[in-house]
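Visitor: Have a look; sequence and predicted model below, questions after that.
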Amino acid sequence: MARNITKLVSSIVLLSLSLTACGTNTEQTLLTTEQQAQTVSTFSVVTPSAPEILSQIQPSAIETTDWGVHVKALPLIKAQKKVTLLSYMAFDNDKGGYRNELVPMLNFHELSGTSSIMNMVLQTDSAEENDTKRYLVIGDGDSSKIVSPYTQFTKEQDSGDYKVLQRFVKWGFSSYSSQIKILDIDNHGGAFMGIAKDDTSSSLISLPNLAKGIKAGINHLDILNMDACLMGTIEAAYELRDVADVTIGSEDSTLATGMMYTKSLPTILAQSKNTEAIAINIILDSDRNGKDFLRRPNKKGKIPDIFTIAAYRSSAMKPLITELNNLSQILISKLPAQKQAINVAISGTHPLNVDGDDMGGQRDLYELLARLNTIMTDPAIKTAIARTHDALNKSIVIARIHNAEKHAQGLAINVSASQVQTDTYQATAFAKDSKWDELIVALSK
């Protein structure tokens, strides 16, 4: 369980994930499962968008609007880049409605944009009708106006339909070739229920459909970033284990601003030696440049200080589920004798939610294991807890944790009997492949 420890001078803390100290360590540290103290620059120097891009905009221009330059076709790029970032900005909800976040988010992307090593491509959908657009982002350094070229769909697109995401992923990565492929999904998240809520259609992409849509669009991603609240769960990470090498998610809130790392992405790419290093630096940089750039109303009246985010190693998800399933079966075998003790352990964990809106049963898995280990005395149970804890350590690339929420240490799991019995939960790969839901239901009887 050895870990590399790097001091991080900030208000963020990643706690030592021991069974006896979960949620109690006050030392400000950064822990990763691999040595990341220094990175080696293996990328070429970032330069502005090439003349071949700019020269294609004017001949194709239809009109210049507040949304950028409306063109007949987006500029073509022949050369393969190091990275293509696709961002699926499903804002057909309050984000693209009264919160009016889409325009400032587009401007924030333009603070970097397409370069000699990176393609930056967006699909946007706001609360207006028939307003879905695709952008090739070009940097201008001006946060007051949008200058990037865009094409617009003639009909309303349902961003909560996985087939719409699938088409964007297929088109984006085939049109803008690269060695490394990163997909952002920027929207509201609903934990095991899914992501990318579309208010016009009242639809949401379920976890199984999210995996299906991405895999149908492209065989495999390097990084999948779920820039949405409540998606840092074992249910989501396991569902997406074959979709990307690394997935990124938050157990609770990604802040009112979202992650806001794209301004620094050129620097991140220049300083990161591999995919996991890119994910680590995305998480460390997230929102540093964005907190004052975008402000929206919320219950607290200001941007919340609490921010938890983690990256998950997909190759470690199956071993984690194997150990958790073994623990679940052992706990089930100890019922009803150990029922009260197990329920006491679960009830003592902190709920994870956004602004007090409890999604129902989301808890930190590290905290839950620590409480079980403290309360349970059975040797078989304690051995299974330790093995699960070790597998969990191996699944976390990095977790960014705030001092105000030390119990949120990387990956969440649902402990609500009513939630795990829903059709939506039962449709997940996690429910099908583990006994966890059976344990939770048995404890409620």
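Guide: Nice, thanks for sending it over.
Visitor: Quick check on Gly160: phi, psi?
Guide: Main-chain torsions, Gly160, degrees, to the nearest 10: phi -90, psi 10.
Visitor: surely it meets Ser201?
Guide: Yes: counting by CB atoms under 8 Å, Ser201 is a contact partner of Gly160 at 5.7 Å. To be clear about C-beta, it is placed using only N, CA and C from the backbone, and glycine gets the same treatment.
Visitor: In terms of neighbours, single out the busier of those two.
Guide: More crowded of Gly160 and Ser201, by other CB atoms under 10 Å: Gly160, with 26 against 15.
Visitor: Tell me, domain by domain, which residues of the protein belong where.
Guide: The chain breaks down into these structural domains: 15-36+316-398+405-444, 51-314 (assignment by automatic domain parsing).
Visitor: Serialize these to JSON lines and add fields for mean pLDDT.
Guide: Compiled in JSON lines, those are given as follows (pLDDT from 0 to 100):
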{"stretch": "domain 15-36+316-398+405-444", "mean pLDDT": "84"}
{"stretch": "domain 51-314", "mean pLDDT": "89"}
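Visitor: List of residues touching stretch 410-425?
Guide: 17, 191-194, 206, 230, 232-235, 237, 251, 310, 312, 346, 349, 352, 360-366, 368, 392, 395-396, 399, 401, 426, 431, 436-437, 440-441, 443-444 (CB atoms under 8 Å, 6 or more residues apart in numbering).
Visitor: follow-up on the earlier one: please work out which of the domains of the chain is packed deepest.
Guide: Among these, domain 51-314 has the highest mean neighbour count (mean count of other CB atoms under 10 Å), at a mean of 20.
Visitor: Give me the distance from that one to the chain's centre.
Guide: Between the centre of domain 51-314 and the centre of its chain there are 11 Å (CA atoms, centre = their mean, to the nearest Å).
Visitor: so how far does it reach from one end to the other?
Guide: Taking CA to CA, to the nearest Å, domain 51-314 runs 39 Å from one end to the other.
Visitor: what ranges do the strands span in the stretch 251-400 of the chain?
Guide: Under the criterion DSSP state E, counting those that start in this stretch, strands of the stretch 251-400 of the chain are mapped to 309-313, 353-354, 357-358, 362-364, 396-400.
Visitor: between those strands, which one is nearest to Thr247?
Guide: Thr247 lies closest to strand 309-313 among those, at 5.0 Å (CB to CB).
Visitor: who does that closest one touch, helix- and strand-wise?
Guide: Contact here means 3 or more CB pairs under 8 Å, 6 or more residues apart in numbering; DSSP states H and E; on that basis strand 309-313 packs against strand 244-249, helix 275-285, helix 379-395, strand 396-400.
Visitor: got CSV for those, with distance to Leu54 too?
Guide: Listed next are those as CSV, based on distance: least, CB to CB, whole Å:
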stretch, distance to Leu54
strand 244-249, 32
helix 275-285, 27
helix 379-395, 44
strand 396-400, 37
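Visitor: now for these, which one comes closest to Ser144?
Guide: Ser144 sits nearest to helix 275-285 of all the helices and strands packed on strand 309-313, at 23.4 Å, using CB to CB.
Visitor: okay, and the common contacts of Gly160 and Ser201?
Guide: Here Gly160 and Ser201 share the contacting residues Asp92, scored by CB under 8 Å, 6+ apart.
Visitor: Against Ala196, how distant is the residue of the chain positioned farthest from its centre?
Guide: What lies farthest from the middle of the chain is Ala337; by CA atoms, centre = their mean that is 39.1 Å. Plainly put, Ala337 is 44 Å away from Ala196 if you go by CB to CB, to the nearest Å.
Visitor: What are the phi and psi values at the residue farthest from the centre of the chain?
Guide: With angles defined as degrees, to the nearest 10, Ala337 sits at phi -60, psi -40.
Visitor: Would you mind measuring from it to Thr377?
Guide: Between Ala337 and Thr377 the computed distance is 12 Å (CB to CB).
Visitor: Repeat that for Lys406.
Guide: Lys406 is 26 Å from Thr377, where distance means CB to CB.
Visitor: next one: Ala244
Guide: Ala244 is 40 Å from Thr377, by CB to CB.
Visitor: hang on, isn't Gly217 packed against Tyr162?
Guide: No: contact criterion CB under 8 Å: Gly217 and Tyr162 do not qualify, at 9.4 Å.
Visitor: any residues in contact with both of those two?
Guide: Counting by CB under 8 Å, 6+ apart, Gly217 and Tyr162 have no common neighbour.
Visitor: residue boundaries of the helices in the stretch 101-250 of the chain?
Guide: For the stretch 101-250 of the chain, applying DSSP state H, counting those that start in this stretch gives helices covering 102-109, 162-175, 207-217, 234-239.
Visitor: which residues touch the third one?
Guide: Contact partners of helix 207-217, identified using CB under 8 Å, 6+ apart, comprise 162-163, 165-170, 173, 183, 185, 192, 194-195, 205, 221, 224, 235-236, 239-240, 242-244, 427-429.
Visitor: now swap in the shortest one and tell me
Guide: Contacts of helix 234-239 from elsewhere in the structure, counted by CB under 8 Å, 6+ apart, are 191-192, 207-208, 210-211, 226, 247, 249, 312, 314, 317-318, 320-321, 324, 365, 395, 411-414, 425, 428-431, 433.
Visitor: ok, 7 Å please
Guide: Applying CB atoms under 7 Å, 6 or more residues apart in numbering, the contact partners of helix 234-239 are 192, 207-208, 211, 247, 249, 312, 317, 321, 365, 411-414, 428-430.
Visitor: now swap in stretch 343-352 and tell me
Guide: Under CB under 7 Å, 6+ apart, the answer for stretch 343-352 is 251-252, 358, 362-364, 367-368, 371-372, 375, 407-408, 412, 415, 443.
Visitor: Which one of those residues is nearest to Ala127?
Guide: Among these, and counting by CB to CB, the member closest to Ala127 is Asp252, at 25.0 Å.
Visitor: Could you check how far the closest one is from Phe153?
Guide: 34 Å.
Visitor: now do Gln123
Guide: To Phe153, Gln123 is 9 Å away according to CB to CB.
Visitor: Quick check: neighbours shared by these two?
Guide: In contact with both Gln123 and Phe153: Thr132, using CB under 7 Å, 6+ apart.
Visitor: what are the phi and psi angles of Tyr88?
Guide: Torsion angles, degrees, to the nearest 10, at Tyr88: phi -100, psi 100.
Visitor: Surely it touches Gln166?
Guide: No: at 10.5 Å, Tyr88 does not count as touching Gln166 under the criterion of CB atoms under 7 Å.
Visitor: show me the contacts for Ile330.
Guide: Ile330 makes contact with 380-381, 384 under the criterion CB under 7 Å, 6+ apart.
Visitor: what's the answer for Lys435, then?
Guide: Counting by CB under 7 Å, 6+ apart, Lys435 touches 325, 328-329, 332.
Visitor: which residue packs closest to it, ignoring adjacent ones?
Guide: Leaving out its chain neighbours, the residue that sits closest to Lys435 by CB to CB, 6 or more residues apart in numbering is Ser328, at 4.1 Å.
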